[in-house]
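# Fold the stuff below for me.
(chains A, B and C)
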Amino acid sequence: MSAAVTDRSAVLQQNRAPWHERALRALRTPGGAVFVLLVVLLLAAIAVNPSFGEPGSLIRFVGRTAPIAIAAIGQYFVIVSGEFDLSMGSVVTAQVFVAGNLIGQDDSRTVPVLVLMLVLGALVGLVNGLVTTLLKVPSFIVTLGTMLALLGLVLYWTGGAATGNPADSFRQIGRGGVQDVPVLEVLPYPVVLVTVIAAAAFWLMRRPYGRTLIAVGDNPRAAALTGARVWWVRTRAFMLSSLAATVAGIILVGYAGVHPSVGRGYEFTAITAVVLGGVVLGGGRGWVLSAAAGAFALETLFALLNFLGVQSTWRDTVQGVIIILAVAAGTQTWRRRRRGRTAPAQAPKHVIAAQPAPGSDQEGT
Amino acid sequence: MNAFSRLTSTHIVYLVVLLTFVAGTVLVGAAGRSFVSAGNISAVLTGTSVLGFIAIGQTLVILVGSLDLSVPYVVSLASLLSAGIMANQPGNILPGVAAALLVSAGIGLVNGLVVSGLKVHGFIATLGTGLIVSGYLATNYKGSAGQTPVAFRLVGATGIGPVPVSTLIMLACAGAVLLMLTRTRLGHHMYAVGGDIRVARMSGIQTGTPIVAAHVICSLMAGLAGLLLAARLGVGSPTIGAQGGYDLLSIAAVVLGGTLLSGGKGSLVGTLGGVLIFAMIDNIMSVMQINPFLKDVVRGIVIVVAVAVYARRRVARRATRFGHHEHVRNEQEVSA
Amino acid sequence: MMRRSTQSKATVAAAAALLALTACTTDQSIENPPAATEGGEAAATEEAGATPAPEGGDEWFDQAEYDQQFEQRSASFEGDPEQPWTQYIDGEMTATAEFAADEPQKVCFSNASISNPWRQTGWITMNEQLKVLQDSGVISEMETRDAQDDDNTQIADIDYFIAEGGCDAFIISPNSTAALTPAVERACETGKPVVVFDRGVETDCATTFIHPIGGFAWGIDSANFLVDNLQEGDKVVALRILPGVDVLEQRWAAAEKIFEENGIEATDYFTGADPTEIKKIISDELATGDVQGVWMDAGDGAVAAIEAFEDAGADYPVMTGEDEMSYLRKWEDTGLTGIAPVYSNFQWRTPLLALERIFAGEEIPAEWVLPQEPITEDQRAGYLADNEGMPDGHYAKFGGEDLPGYPEVWRERIIP
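Numbers count the residues shown, from 1 in each chain, chains lettered A, B, ... in the order given. Below is the predicted model:
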């Protein structure tokens, strides 16, 4: 189930096992455990607040978590290739402002501006990717620079506040939904979007590109030797990340409206979600849908804390404890699984502390 | 290109410092001010002190291959603890300083143990501890608290000529850490662990110790930064660390100083250069009254461009050294 | 090895401590007077050496200050009601004859930040006011340093002005109250006029401290409106930006007290002003039960709160927002029961106008309390018409209609 096991010799044998055995084994990986965590959190939330379990509220919850899940899927591509994207939050904010200022109340501009936003998103990713891969600047630094510069430019351009919310037709993407759906009443468009994007990401990771991406994250040199164009594979990952941030921005401008604080901290939330999904910082390990599940687990946790009436100031603390515990548990699992196998050359991979995560192809002088 | 390749990255850092200095003299001069007047030098150096402390610690953490994102919250906590204990009583200065540093070191110890013991990536481990402390601060402090006595505040407000005492203390700390890095086994082990933890382990190094030590010293330095801020502000503040954005800024300063973000290679002297570059750029932009939004644009571009320059040198240099280090490199690639 | 590392740590700590101690005793004394005693008018609610607050404590509540602001809401103001930014409550005056000047003077402005729409709007207004005073020969130039929300930077900015600025007068908009007190005192010691506005400091050394009535008045106006329009036992969600900022904490301290006294059940949340958070919080609250009222400590996320009710299919709550255009517009569109408390944005004009009087040698109020009146439903249409075409992040009571750049500068949000 986890993409990370695909390159192992045991794969064949595993694949011949009955499906329930395979599923159980998958649940014991960090990428699978997040689904267990998600279910536990959901059940807890429903136990505390039964109305949360009604199909209508659940689907609305999925809808409002969609932007962070989409961002996490985008961040996944970058992280699995061994890099970071810290510019995500600024891209979200920038796109929200672009929508607010360029569309205004003019419905006819919706489509052109939408195209412009996607182009802009791809462009930011392209710059991030090319500076990282060709100029050999660690992606942590590149995207930190983009984060500062992009937000600064947008605030300078707009004087710090957008003219106003964009036309309602545009905001429907994030706010509206398919009406009169049986059981659910409403099927929010963000739910449709996140489903489509997750399916597309799942498909992409099974394509040659996805396999190359993981190989590049696992060992860029080996991947290069097999003929992969590492720079272009990684650059496309950055573009996917910025495009995901763009889509998140499109949803958020509908869901929440235009405000300079929309998107703030999104990069850290997305990275947290990805890591909670068992994806290893430094690249080469993890499953894309687990990243999305990490986002849902995180948001369910926040909702649960709300329902429990935990004092809002303590929420950071709870989040911090959970992240550390979840990642520690995940790392220990990876290590145990690895020890059970052979391949001692892979061992250092899991000594995360010293792993050159960002700019990992620059060591050695 | 050859001459360029022969420079160490620290040389390049100080070339950039020199370049920034020249640019500062010209630009500030054009604005009708002096870049080298006592008041301005004092302003630039004051700008280096707080970030300097944190960047010293961050250098060690990055050298061993980790990161520390919890520094802003350690800074705030140290400022609150010290100001709270001092409560404007000169007799309480030492207990206040001791408590702040002790708690800071404790947080660093937790960071180090989570990173080296539980094998959690430094990014996540310190993001987590940072959140934990941040929740504690938000719950227990509703604004600034405590008060530092005048004797303690002199640290933040006194200068010897144009050089603030705080900068001297920061440089003294840098000197001590530099000695540790270059003269002690612990320092050498930090480089070794950051360079290739597997080789380090095979050469008999207890890899946990340098990692934990780096995190403890980093948090101690953040604690000192918090103490300095308590001296400058006269009170402790639960948001003072976050206000400065010291987590990302210190990492940027370290990388700007030529240290490899992937660990194992770098210099503390370079970091001080990186901090100085930031302080001078901020000073120049403030004198020129640049729009605050555009300041961030300039900072972002400077970070990327400067690091791109260092990276070019490394690429150029790598080719010449390739033969000597091929074996080691291959091992590292495997571990990457 | 462990011992070695402990040793080096100890060395670092000892060296630092030693240096710190010697520094204290040997250096020339830079003036740094002891912190002001309590009782500066400026929101001095903290005791020196206060211990950490108990959870949910009401240490921001100050009965005397509350009572005073309660009275000031209905006080009569001196000056032209057409120009509320020049109005003040009668009180102690500061003589400024010593500052009278014939030449245009240089002003140095240390600004906390322009990081939110309220401060941006005010900053635009201030610059237009500056142009008028430059044209009339009162002010030669204004040098501004922006601290980007950092106390430490702002302290350095003020020290820079003192050492290098060649300033004839200081305007300071402090980032926080206690931390900026020593720096403001240093500015006072230059003997030049010092004007403090918006948030205060714990000293009354400044020539004048300009501010609207205050946070308690905001809390009283908004909470009383909710109480009047709700019934005992009704639920109010309070949306707050962040903890620890005195002007915001005082708004909530007053409101919380009034809710308690009137049997309104109020739950408060910190939102970081992020509309996404606001919408989630309201959605979760509506999922657990009915909400009859929403209270906000700043209005720029009000629209998201209202939309959360729309999306959940719930009845509109009784709302308190702010005089931000987005809220005023949404309020009119929906026809909900609401009020717009105001933290008078026009106060950004007053510091320069105060300097005009100071340089003319006229006496000015020692504490310049500006009017702070909420916008009611009856007044709303007027303010919407006056601010036609302004962006959503604009504040209706910006008070710059008579300034040269009106309306383009605000409409285009041209930030210097």
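# All the strands of the chain, residue numbers only.
Since you didn't name a chain, this refers to chain A. Here chain A has its strands, by DSSP state E, at A:177-181, A:185-188.
# Oops, wrong one, chain B.
Taking DSSP E as the test, the strands found in chain B are B:159-160, B:163-164.
# Okay, now the unreliable bits of chain A?
A:1-17, A:334-335, A:337-365 (pLDDT under 70).
# Show me which residues of it sit near chain C.
A:49, A:51-52, A:57, A:60, A:64, A:156, A:158-165, A:175, A:252, A:255-262, A:264, A:302-303, A:306-307, A:311-313 (Cβ under 8 Å from any Cβ of the partner chain). No exception for glycine: its C-beta is placed from N, CA and C like everyone else's.
# Which members of these are positioned in helices?
Judged by DSSP state H, the subset of the residues of chain A next to chain C located in helices is A:57, A:60, A:64, A:156, A:158, A:175, A:252, A:255, A:302-303, A:306-307.
# Take those and lay them out in JSON lines including neighbour count and distance to residue C:135.
Formatted as JSON lines, these follow (neighbours: other Cβ atoms under 10 Å in any protein chain shown; distance: Cβ to Cβ, whole Å):
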{"residue": "A:57", "neighbour count": "18", "distance to residue C:135": "60"}
{"residue": "A:60", "neighbour count": "23", "distance to residue C:135": "57"}
{"residue": "A:64", "neighbour count": "24", "distance to residue C:135": "52"}
{"residue": "A:156", "neighbour count": "17", "distance to residue C:135": "27"}
{"residue": "A:158", "neighbour count": "24", "distance to residue C:135": "29"}
{"residue": "A:175", "neighbour count": "22", "distance to residue C:135": "48"}
{"residue": "A:252", "neighbour count": "31", "distance to residue C:135": "44"}
{"residue": "A:255", "neighbour count": "27", "distance to residue C:135": "47"}
{"residue": "A:302", "neighbour count": "20", "distance to residue C:135": "54"}
{"residue": "A:303", "neighbour count": "24", "distance to residue C:135": "57"}
{"residue": "A:306", "neighbour count": "24", "distance to residue C:135": "55"}
{"residue": "A:307", "neighbour count": "19", "distance to residue C:135": "60"}
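# now, which of those lie close to chain B?
By Cβ under 8 Å from any Cβ, the members of these lying near chain B are residue A:156.
# Kindly present the ones in helices among the residues of chain A next to chain C as a markdown table, with separate columns for distance to residue B:71.
A markdown table is the format used below for these (distance: Cβ to Cβ, whole Å):
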| residue | distance to residue B:71 |
| --- | --- |
| A:57 | 40 |
| A:60 | 38 |
| A:64 | 32 |
| A:156 | 29 |
| A:158 | 32 |
| A:175 | 39 |
| A:252 | 30 |
| A:255 | 33 |
| A:302 | 25 |
| A:303 | 30 |
| A:306 | 29 |
| A:307 | 33 |
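# which of the strands of chain A sits most buried?
A comparison of the strands of chain A by mean neighbour count, using mean count of other Cβ atoms under 10 Å in any protein chain shown, puts strand A:185-188 on top with a mean of 20.
# Spell out which residues of the stretch 101-250 of chain C are next to chain B.
C:113-115, C:143-146, C:148-153, C:155-157, C:159-160, C:163-164, C:175-179, C:181-182, C:243-246, C:249.
# you'd agree residue C:393 is up against residue A:162?
Yes - using Cβ atoms under 8 Å, residue C:393 is in contact with residue A:162, at 7.0 Å.
# The two - which one has more neighbours?
residue A:162 (30 against 26; other Cβ atoms under 10 Å in any protein chain shown).
# Distance of the nearest residue to that one once chain neighbours are set aside relative to chain B?
Sequence neighbours aside, residue A:100 is the residue nearest to residue A:162 in space, at 3.4 Å (criterion: Cβ to Cβ, 6 or more residues apart in numbering or on different chains). Taking Cβ to the nearest Cβ, to the nearest Å as the measure, residue A:100 and chain B are separated by 17 Å.
# Do I have it right that residue A:139 meets residue A:87?
No - using Cβ under 8 Å, residue A:139 is not in contact with residue A:87; the gap is 9.5 Å.
# shared neighbours of these two, anything?
Common neighbours of residue A:139 and residue A:87 (criterion: Cβ atoms under 8 Å, 6 or more residues apart in numbering or on different chains): residue A:128.
# Give me the secondary structure label for the closest residue to chain B within the stretch 301-416 of chain C.
The stretch 301-416 of chain C approaches chain B most closely through residue C:415 (6.3 Å), counting by Cβ to the nearest Cβ. The three-state label given to residue C:415 by DSSP: H, G, I helix; E, B strand; the rest coil is coil.
# list the contacts for residue B:81?
Contact partners of residue B:81, counting by Cβ under 8 Å, 6+ apart, are B:96, B:99-100, B:103, B:236.
# Show me which of the residues you listed is closest to chain C.
residue B:236 (9.3 Å).
# Enumerate every residue touching that closest one.
B:76, B:79-84, B:141, B:144-146, B:230.
# Could you dump those into a markdown table with pLDDT added?
Below are the contacts of residue B:236 laid out as a markdown table (pLDDT from 0 to 100):
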| residue | pLDDT |
| --- | --- |
| B:76 | 97 |
| B:79 | 97 |
| B:80 | 96 |
| B:81 | 97 |
| B:82 | 97 |
| B:83 | 96 |
| B:84 | 96 |
| B:141 | 86 |
| B:144 | 87 |
| B:145 | 90 |
| B:146 | 92 |
| B:230 | 96 |
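# just these now: which is nearest residue B:249?
residue B:76 (15.0 Å; Cβ to Cβ).
# Isn't the closest one up against residue B:239?
Yes - in this structure, residue B:76 is within contact of residue B:239 by Cβ under 8 Å, at 6.5 Å.
# and stretch C:115-127, C-alpha only, in CSV?
C-alpha atoms of stretch C:115-127 as CSV (Å, rounded to 0.1, in the frame of the first residue of the first chain):
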residue,chain,number,x,y,z
SER,C,115,1.0,45.6,9.5
ASN,C,116,-2.8,45.8,9.6
PRO,C,117,-5.4,47.7,7.6
TRP,C,118,-6.2,50.0,10.5
ARG,C,119,-2.6,51.2,10.8
GLN,C,120,-2.2,51.4,7.0
THR,C,121,-5.3,53.6,6.7
GLY,C,122,-4.0,55.9,9.5
TRP,C,123,-0.5,56.0,8.0
ILE,C,124,-1.9,57.2,4.7
THR,C,125,-3.9,59.9,6.4
MET,C,126,-0.9,61.0,8.5
ASN,C,127,1.2,61.5,5.3
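# can you give me the helices for the stretch 201-350 of chain A?
Counting by DSSP state H, counting those that start in this stretch, the stretch 201-350 of chain A has helices at residues A:208-218, A:220-225, A:230-255, A:266-276, A:288-308, A:315-340.
# nearest to residue B:275, of those helices?
Closest approach to residue B:275 among the helices of the stretch 201-350 of chain A (Cβ to Cβ): helix A:266-276, 24.1 Å.
# what sits up against that closest one?
Outside helix A:266-276, the residues that touch it by Cβ under 8 Å, 6+ apart are A:34, A:37, A:68-69, A:71-72, A:74-76, A:79, A:84-89, A:92, A:143, A:147, A:245, A:248, A:281, A:286, A:291-292, A:294-295, A:297-298, A:319, A:322-323, A:326-327, B:121, B:123-124, B:127.
# Turn the helices of the stretch 201-350 of chain A into CSV, including distance to residue B:60.
Below are the helices of the stretch 201-350 of chain A laid out as CSV (distance: least, Cβ to Cβ, whole Å):
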stretch, distance to residue B:60
helix A:208-218, 27
helix A:220-225, 27
helix A:230-255, 29
helix A:266-276, 23
helix A:288-308, 31
helix A:315-340, 21
